[in-house]
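**Q** Sequence first, predicted model second:
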Amino acid sequence: MKPKYSYPFTAIAGQDDLKLCLLLTLVDLSIGGVLATGDKGTAKTTMVRGLSQLMGVDFPFVNLPIGATEDRVLGSINLEALINQKTTIVDKGLLAQAHQGFLYIDEVNLLNDYLMDVLLDASATGGYHLEREGISQWVDSCFCLVGTMNPEEGALRPQLLDRFGLSVTIQTPKEIEIRTQIAMQRLSFDSDPTAFYTQFVEEEKTIKDKVLAARQRLHSVNIPQSVQALCAELTITNQVEGMRADILLLKTARAYAAYHHQDEVTAEMATTIAPFVLQHRAKEYTPPSDQNNDESSDQQNEAPQEETAPQNEQGDTGFQLPKSVQQGLKFSASKASKKQEVPLDTIEKLHTVPYTASQQPEISIVQSVKKYLSTNRFTPVYKQATEKAVARIVFLVDTSASMAIDQQMAHLKGIIEKTIKTHPMQRLQYAIIGLQDQTAKVIQEFTTNIQQVSTINHQLKTGGKTNLGAAFMKVYEVLRSVQMQTVQLFVFTDGKINTGTSQPFQYAITTYKKYLAKIPKTTIIDTEIGFVRLGKAQQLAQQLQLNYMAMSQF
């Protein structure tokens with residue numbers, strides 16, 4: 001039996017940053033929502049459900065599954081009413097149900113492209129046009145978008161990332177006291193939800209009253225000229241594109257002041273909320289607390305621009321690469337501009353696959369009704385699945401010690417870099433598999449974030465032996481959740497397979513034939529470029545009947 005109450009918002013220990021961001025978006029829905037990235041099992045979903053419960057029945061909580069159909073998200077015609085009552089009634093979709101409330105998406109980075117586009121339009125305009133058979137109407141949908149994701153499972157499209165007003169990184173608590181408190185409180189709630197909730201009723205009411213009062217006070221809060229200038233300086237310093245961040249800094253700081261019952265925004269308030277607005281947008285994020293550090297500023301000005309580490313689209317700008325790696329980046333980037341890209345099939349040549357938001361077929365209402373009227377028997381007629389080209393590129397890179405000879409690794413990095421930068425506007429998904437010690441590792445899962453792929457590519461290092469059989473198994477693991485006819489595999493290797501079994505070369509051949517034979521196009525790119533060549537990679541391609549190219553051709 002489902003408990004009467006959800007876990008109370010005020011009972012959640014830790015995660016103060018996420019709590020604050022959620023409360024501020026409740027004070028001002030136009031902030032646009034919160035993106036929570038990080039560890040699983042850290043009460044992200046519990047917190048959002050608890051906050052919805054705290055606000056009451058007039059504040060809806062809608063969970064949008066990543067596999068939801070278009071009709072489920074946007075709305076559809078009520079088939080029963082159309083047939084039995086001869087009236088057209090539109091059932092509200094999830095976006096309409098979330099109006100003036102929370103729209104929650106777990107694993108938002110795995111949402112398909114079409115639904116992402118719908119969310120972008122709705123979040124930008126406060127609603128959307130519903131177009132169905134004979135129906136065309138505007139639907140209000142102003143919601144607080146809350147998304148959670150694990151960056152290791154893939155990046156979020158930059159357009160959608162920017163739509164989240166605030167971003168918070170979540171980490172598992174490391175303190176024994178907090179972990180013990182969380183575990184024991186959860187046991188108490190599971191034993192008696194009603195009794196547990198009763199302990200927090202007053203705290204829940206206090207938070208709700210603060211939010212409602214802040215909403216009333218919001219537009220009377222004064223933002224001094226000095227704070228306006230500070231916010232502009234923060235966005236300029238952190239190299240933020242566009243004006244969205246400037247506006248959000250002011251909105252969030254104003255909501256912060258209103259929530260704390262203040263009539264005016266201070267510089268301290270602006271710097272407190274700045275990381276939540278800037279860290280996922282900034283090219284070079286500098287924490288506000290460092291803005292006045294003259295020594296740090298001087299050092300930054302003296303640093304050569306070429307030494308700056310590339311930033312990924314998730315705003316992980318606090319990460320700095322070691323100098324040795326940065327030098328490798330500089331070298332590889334210069335080489336990349338002179339190298340040809342790996343020849344990829346164009347989107348038009350790729351196999352098309354069914355592209356629907358769900359595996360469940362959608363009913364064609366008009367055709368179903370027509371068939372019913374002609375036969376007096378209801379038999380659903382389903383819509384034909386839309387066809388859309390999909391391309392997934394897998395780079396399997398032999399990073400064994402032999403690849404350090406004659407700068408082979410730098411050469412292939414340049415080829416991969418040129419490839420991904422040549423196709424930036426096509427919706428290609430990239431994954432990278434590399435060798436590690438005597439086995440293999442998935443270095444990058446499928447992602448459309450080419451900057452992230454570029455960074456990973458530049459960080460590849462050589463070492464260890466070549467176990468290509470294990471690498472083929474890792475490719476198979478990555479491809480188990482996708483359709484193989486959408487995949488192109490490029491294997492960069494010199495073919496000197498020397499570990500895995502007593503017959504490692506044959507083991508690699510057997511593994512490929514057993515698990516990867518259905519891939520429509522695999523190309524072996526021979527990285528052997530010395531004067532004396534053993535031709536092992538070419539032999540591998542011949543025995544597997546795969547495409548073969550020598551890296552010297554690039």
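**A** Good, I have the coordinates.
**Q** so where's the stretch 351-500 of the chain uncertain?
**A** Filtered on pLDDT under 70, the stretch 351-500 of the chain yields the residue ranges 351-366, 370, 373, 378, 382-390, 401-407, 423-427, 436-437, 463-464, 481.
**Q** Okay, helices next: where are they in the stretch 351-500 of the chain?
**A** 365-375, 408-422, 450-458, 468-479 (DSSP state H, counting those that start in this stretch).
**Q** between the ones you listed, which one is nearest to N150?
**A** Closest approach to N150 among the helices of the stretch 351-500 of the chain (CB to CB): helix 450-458, 14.0 Å. Backbone N, C-alpha and C define where each C-beta goes, glycine included.
**Q** by contact count, what packs against that closest one?
**A** helix 323-336, helix 408-422, strand 428-436, strand 439-447 (3 or more CB pairs under 8 Å, 6 or more residues apart in numbering; DSSP states H and E).
**Q** Check A255 and give its pLDDT.
**A** At A255, the model reports a pLDDT of 96.
**Q** what's the helix or strand for it?
**A** helix 244-259 (DSSP states H and E).
**Q** I'd like the next helix or strand past that helix.
**A** Downstream of helix 244-259, the first helix or strand assigned by DSSP H and E is helix 267-278.
**Q** tell me what that next one is packed against?
**A** Helix 267-278 sits against helix 16-27, strand 166-170, helix 225-237, helix 244-259, with contacts defined as 3+ CB pairs under 8 Å, 6+ apart.
**Q** And it, what's buried?
**A** Using 16 or more other CB atoms under 10 Å as the test for burial, helix 267-278 gives 269-278.
**Q** Next, format those residues as a markdown table and append distance to Q367.
**A** Output for the buried residues of helix 267-278, formatted as a markdown table (distance: CB to CB, whole Å):
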| residue | distance to Q367 |
| --- | --- |
| M269 | 58 |
| A270 | 57 |
| T271 | 59 |
| T272 | 57 |
| I273 | 52 |
| A274 | 54 |
| P275 | 53 |
| F276 | 49 |
| V277 | 49 |
| L278 | 51 |
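**Q** OK, contacts around the nearest residue to D494 once chain neighbours are set aside?
**A** Leaving aside its sequence neighbours, D494 sits nearest to E528 (CB to CB, 6 or more residues apart in numbering; 4.2 Å). E528 makes contact with 408, 494-495, 534-537, 550-551, according to CB atoms under 8 Å, 6 or more residues apart in numbering.
**Q** Which members of those are the farthest-apart pair?
**A** Q408 and G535 (15.4 Å).
**Q** In terms of packing, which of the two has more residues around it?
**A** Neighbour count, other CB atoms under 10 Å: between Q408 and G535, Q408 has more, with 20 against 13.
**Q** Compute the distance between the nearest residue to that one once chain neighbours are set aside and L546, please.
**A** Using CB to CB, 6+ apart and skipping the chain neighbours, the partner closest in space to Q408 is T527 (4.8 Å). Taking CB to CB, to the nearest Å as the criterion, T527 is separated from L546 by 15 Å.
**Q** repeat for F9
**A** Distance, F9 to L546, using CB to CB: 56 Å.
**Q** Equivalent analysis for G101, please.
**A** 53 Å.
**Q** What of R244?
**A** 47 Å.
**Q** And T266, by the same measure?
**A** Per CB to CB, T266 is found 65 Å from L546.
**Q** what does A98 give?
**A** 49 Å.
**Q** Also K371?
**A** Distance from K371 to L546, by CB to CB: 49 Å.
**Q** Check G67 too.
**A** Applying CB to CB to G67 and L546 gives a distance of 34 Å.
**Q** And for I77?
**A** Between I77 and L546 the computed distance is 51 Å (CB to CB).
**Q** the more surrounded of those two?
**A** Between I77 and L546, counted using other CB under 10 Å, the more crowded position is I77 (20 against 17).
**Q** May I have the predicted confidence score for the more buried one?
**A** 78.
**Q** Same question for V90.
**A** 78.
**Q** where's it relative to E131, distance?
**A** 11 Å.
**Q** And those two? Which one has more around it.
**A** Taking V90 and E131 together and counting by other CB under 10 Å, V90 has the greater number of neighbours (17 against 10).
**Q** follow-up on the earlier one: most widely separated two among the buried residues of helix 267-278?
**A** Using CB to CB, the buried residues of helix 267-278 reach their maximum pairwise distance at M269 and L278, which is 14.7 Å.
**Q** May I see the domains of this protein written out as residue ranges?
**A** Domain ranges of the chain: 9-185, 219-320, 335-346+390-553, 358-387, per automatic domain parsing.
**Q** so can I have TSV of those showing distance to Q199?
**A** Below are those laid out as TSV (distance: least, CB to CB, whole Å):
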stretch	distance to Q199
domain 9-185	8
domain 219-320	24
domain 335-346+390-553	42
domain 358-387	41
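**Q** how about N150, what does it touch?
**A** By CB under 8 Å, 6+ apart, the contact set of N150 is 37-40, 107, 109.
**Q** Now the buried members of these.
**A** Neighbour counting with 16+ other CB under 10 Å marks 37-38, 109 as buried within the contacts of N150.
**Q** now the strands for the stretch 451-554 of the chain?
**A** Along the stretch 451-554 of the chain, counting by DSSP state E, counting those that start in this stretch, strands occupy 487-493, 521-526, 547-550.
**Q** tell me the most buried of those?
**A** Ranked by mean neighbour count under mean count of other CB atoms under 10 Å, those are led by strand 487-493, which reaches a mean of 26.
**Q** number of nearby residues for R163?
**A** Residues contacting R163 under the criterion other CB under 10 Å number 21.
**Q** wait, I meant L145
**A** If you count neighbours by other CB under 10 Å, L145 ends up with 25.
**Q** got the contact list for it?
**A** By CB under 8 Å, 6+ apart, the contact set of L145 is 32-34, 103, 105, 119, 123, 163-164.
**Q** which ones among those residues are found in strands?
**A** Of these, the ones assigned to strands by DSSP state E are 34, 103, 105.
**Q** Where does the prediction get shaky in the stretch 201-350 of the chain?
**A** Using pLDDT under 70, the flagged stretches of the stretch 201-350 of the chain are 283-350.
**Q** Please repeat the previous calculation with a cut-off of 80.
**A** Along the stretch 201-350 of the chain, the model assigns pLDDT under 80 to residues 282-350.
**Q** Would you mind measuring from the residue nearest to D494 to L278?
**A** With CB to CB as the criterion, E528 and L278 are 47 Å apart.
**Q** next one: T419
**A** In terms of CB to CB, T419 sits 32 Å off from L278.
**Q** Equivalent analysis for K521, please.
**A** 42 Å.
**Q** Kindly report the same for T499.
**A** Counting by CB to CB - T499 and L278 are separated by 47 Å.
**Q** Then L161?
**A** Per CB to CB, L161 is found 13 Å from L278.
**Q** before we move on, what about A257?
**A** 19 Å.
**Q** What of M47?
**A** 23 Å.
**Q** okay, now the nearest residue to Q444 once chain neighbours are set aside: neighbour count?
**A** Using CB to CB, 6+ apart and skipping residues adjacent in sequence, the residue nearest Q444 is I432, 4.1 Å away. As a burial measure, I432 scores 22 neighbours (other CB under 10 Å).
**Q** pretty sure I432 is touching F446, no?
**A** No. If you go by CB atoms under 8 Å, I432 and F446 don't touch, sitting 9.9 Å apart.
**Q** what's across from the nearest residue to K441 once chain neighbours are set aside in the sheet?
**A** Nearest residue to K441, sequence neighbours excluded (CB to CB, 6+ apart): G434, at 5.7 Å. Going by DSSP bridges, G434 is paired in beta bridges with V397, K441.
**Q** which residues does G434 contact?
**A** Contacts of G434 by CB under 8 Å, 6+ apart are 396-397, 399, 440-441, 443, 460, 471.
**Q** With S30 instead?
**A** With the criterion set at CB under 8 Å, 6+ apart, S30 makes contact with K251.
**Q** per-residue confidence for it?
**A** Model confidence at S30, given as pLDDT, is 85.
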